[in-house]
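In: Sequence and predicted structure below; questions after.
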Amino acid sequence: MAKKLNILMFSGEYDKALAALILANTARQMGIDVTMFFAFWGLCILRNDSNMKGKSFYEKLLSAMTPKGPEDLPLSKMNFSGIGKAMMLEMMDDNEAPKLIDFLNSARKKGVKFYSCKLSMEIMGIDKNELIPEVEIMDAQQYLKDALESDIQLFV
Amino acid sequence: MAKKLNILMFSGEYDKALAALILANTARQMGIDVTMFFAFWGLCILRNDSNMKGKSFYEKLLSAMTPKGPEDLPLSKMNFSGIGKAMMLEMMDDNEAPKLIDFLNSARKKGVKFYSCKLSMEIMGIDKNELIPEVEIMDAQQYLKDALESDIQLFV
Amino acid sequence: MAKKLNILMFSGEYDKALAALILANTARQMGIDVTMFFAFWGLCILRNDSNMKGKSFYEKLLSAMTPKGPEDLPLSKMNFSGIGKAMMLEMMDDNEAPKLIDFLNSARKKGVKFYSCKLSMEIMGIDKNELIPEVEIMDAQQYLKDALESDIQLFV
């Protein structure tokens, strides 16, 4: 039976998302099954569209204040006015390293399983149609079941 | 034998504590044993009382500067003057989601095991009587023993 | 066979590095094998020297802006102008707790295995000769293999 990696993606920062997606892609190349469960700020990584219909005032405000998708995420450190991120992207360019969106799309092609946290979506007012289409909604109980069956569990 | 979840709660932020306590509560509902080991900033989540007796100058200063208990914790992001947190609480209200203190109290009732890190308490000058009463003190060796016996280990 | 602890050290903050190195040292005392894989900001913990030869403009800038070694790391919170860290070090002094550099050197003596992330070094322009000498370079695939063989995996 294939080994399994389970990542709880809580953070919504560019560098942490990059680290998690590099692990997810590498694991798939090794034949390891990968589940990524996106909760809280992690949901911003999967944002595809900002469909504002039917949102409450606070939900619209949060939507306007949080990142619009993978390339809009901040860094976890050194983010003074975005200099840190511009610099990191520039250095990734110099080394011809792919961008976050490329790692995300590659993970989608390689069969990484994407799940979004039901409760987080309710609290943050994020609708399924704002996320990339293959995302399935999962609750904490389903996450724990999947994590129990996994060989590696990481909270990022 | 029951499955076991072990959470090392290092961070002292509202949203991360919420995520960890939601997992802890859900795991207990599924019959999974849960150990939460609170270290460094995570200790602020368990604060019950601010007993200043016998504290050094720095300990008093740290005590005054760090959160007084679960509802006083900051968010890990978007915390500009507390707007982010007020907004999140408002949205949780709209969705009738319980507050952090409710999840903490529910976890206490459901039999989650609470441990505080001995060394962190010494460094931060936190006394056992400042924490919720059922907390037991544990050192890193006891944490590792418990983590080795667990099926899922998360560093939050 | 010995049990095994695997830590992916992503963060470059003083308090998180302290927590991870305390666990690593304690695990070695218990006869547990320990692998630490340093990626992204975590690489700053292993910095020994700031060799600027052959660096691009952005690499030099990043090098100047990031910590020079373990004792130069910021705290993950409460870092207003470094007050938080000075305070924490003062309190550690009061309690005769060793500093981060002591835990790092102790981990080196106790046989913790140190690995640095190949891709992170390329992106951040960090050279092997800037890190402590016993570090070996590892890629994500080797990290995952090691993590699969481990009993505890933590993302710090």
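Out: Ah, there it is.
In: In contact with the residue most central in space within chain A, which residues are there?
Out: Per Cα atoms, centre = their mean, the C-alpha nearest to the average position across chain A is that of residue A:45, at 3.9 Å. Going by Cβ atoms under 8 Å, 6 or more residues apart in numbering or on different chains, residue A:45 touches A:9, A:12, A:17, A:38, A:69, A:70, A:73, A:100, A:104. (C-beta placed from N, C-alpha, C; glycine too.)
In: Next one: the closest residue to residue A:55 other than its chain neighbours from residue A:43, what distance?
Out: Leaving aside its chain neighbours, residue A:55 sits nearest to residue A:125 (5.4 Å; criterion: Cβ to Cβ, 6 or more residues apart in numbering or on different chains). Look at residue A:125 and residue A:43: by Cβ to Cβ, to the nearest Å, they are 11 Å apart.
In: where does chain A come near chain B, residue by residue?
Out: Neighbours of chain B within chain A, by Cβ under 8 Å from any Cβ of the partner chain: A:8, A:10-12, A:39-41, A:56, A:58-59, A:61-62, A:65-66, A:119, A:122-125, A:139-141, A:143-145, A:147-148, A:153-155.
In: Narrow those residues to just the buried residues.
Out: Buried subset of these (neighbour count, 16 or more other Cβ atoms under 10 Å in any protein chain shown): A:8, A:10-12, A:39-41, A:58-59, A:61-62, A:66, A:119, A:123-125, A:140, A:143-144, A:147-148, A:153-155.
In: quick one: residue A:134 and residue A:109 touch, right?
Out: No. Using Cβ atoms under 8 Å, residue A:134 is not in contact with residue A:109, being 10.5 Å away.
In: Pull the distance from the lengthiest helix in chain A to the chain's centre.
Out: Of all segments of type helix in chain A, defined using DSSP state H, the longest is helix A:14-29. Taking Cα atoms, centre = their mean, to the nearest Å, the mean C-alpha location of helix A:14-29 is offset from the chain mean by 10 Å.
In: hmm, back to that, spit out the residues that contact residue A:134 and residue A:109 alike.
Out: By Cβ under 8 Å, 6+ apart, no residue touches both residue A:134 and residue A:109.
In: Surely residue A:143 is in contact with residue A:8?
Out: Yes. With contacts counted by Cβ under 8 Å, residue A:143 reaches residue A:8, the gap being 6.9 Å.
In: Around chain C, which positions in chain A sit nearby?
Out: Residues of chain A lying near chain C (Cβ under 8 Å from any Cβ): A:3, A:5, A:15-16, A:19, A:22-23, A:26-27, A:29-30, A:32, A:76-78, A:84, A:87-88, A:90-92, A:94-95, A:97, A:151-156.
In: What is the burial count for the closest residue to residue A:32 other than its chain neighbours?
Out: Counting by Cβ to Cβ, 6+ apart, residue A:32 lies nearest to residue A:3, which is 4.8 Å off, once chain neighbours are set aside. Applying other Cβ atoms under 10 Å in any protein chain shown, we find 17 residues neighbouring residue A:3.
In: got the contact list for residue A:3?
Out: Contacts for residue A:3 (Cβ under 8 Å, 6+ apart) come out as A:31, A:32, A:33, A:151, A:152, C:148.
In: Export these to JSON lines and append columns for secondary structure, pLDDT and distance to residue C:115.
Out: Shown next, in JSON lines, are those (DSSP: H, G, I helix; E, B strand; the rest coil; pLDDT from 0 to 100; distance: Cβ to Cβ, whole Å):
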{"residue": "A:31", "secondary structure": "coil", "pLDDT": "98", "distance to residue C:115": "22"}
{"residue": "A:32", "secondary structure": "coil", "pLDDT": "98", "distance to residue C:115": "19"}
{"residue": "A:33", "secondary structure": "strand", "pLDDT": "98", "distance to residue C:115": "24"}
{"residue": "A:151", "secondary structure": "coil", "pLDDT": "98", "distance to residue C:115": "19"}
{"residue": "A:152", "secondary structure": "strand", "pLDDT": "98", "distance to residue C:115": "16"}
{"residue": "C:148", "secondary structure": "helix", "pLDDT": "98", "distance to residue C:115": "15"}
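In: out of these, who has the most neighbours?
Out: Most surrounded of the contacts of residue A:3: other Cβ under 10 Å gives residue A:152, at 22 neighbours.
In: pretty sure it contacts residue C:148?
Out: Yes. Here residue A:152 reaches residue C:148: they are 6.5 Å apart, a contact under Cβ under 8 Å.
In: any idea which helix or strand of chain A has the worst average confidence?
Out: helix A:57-65 (a mean of 66; mean pLDDT, DSSP states H and E).
In: Which strand or helix spans residue A:153?
Out: Taking DSSP states H and E as the definition, residue A:153 sits inside strand A:152-155.
In: from the chain's centre, how far out does that strand sit?
Out: Counting by Cα atoms, centre = their mean, strand A:152-155 is centred 14 Å from the centre of its parent chain.
In: same for it, what does it pack against?
Out: Helices and strands touching strand A:152-155, by 3 or more Cβ pairs under 8 Å, 6 or more residues apart in numbering or on different chains; DSSP states H and E, are strand A:4-9, strand B:152-155, helix C:140-148, strand C:152-155.
In: Can you list the strands that it pairs with?
Out: strand A:4-9 (parallel) (DSSP bridges).
In: Give me the contact list for the partner strand.
Out: For strand A:4-9, the external contacting residues (Cβ under 8 Å, 6+ apart) are A:17, A:20, A:23-24, A:27, A:32-39, A:42, A:45, A:143, A:146-147, A:149-156, B:19, B:154, C:144.
In: send the alpha carbons of it over as CSV?
Out: Extracted as CSV, the C-alpha positions of strand A:4-9 are listed here (Å, rounded to 0.1, in the frame of the first residue of the first chain):
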residue,chain,number,x,y,z
LYS,A,4,0.6,8.8,2.8
LEU,A,5,1.5,12.4,3.6
ASN,A,6,-1.1,14.7,5.3
ILE,A,7,-0.6,18.4,5.5
LEU,A,8,-2.9,20.7,7.5
MET,A,9,-2.3,24.0,5.7
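In: Could you quantify the relative orientation of that strand and helix B:14-29 as an angle?
Out: 140 degrees (axes from the mean of the first three to the mean of the last three Cα atoms, to 10 degrees).
In: average pLDDT across strand A:4-9?
Out: Averaging pLDDT along strand A:4-9 gives 98.
In: go on, stretch A:86-95?
Out: Mean predicted lDDT for stretch A:86-95 stands at 72.
In: Please point out which parts of it sit buried.
Out: Quick answer for stretch A:86-95 (16+ other Cβ under 10 Å): A:87, A:88, A:89, A:91, A:92.
In: Thank you, goodbye.
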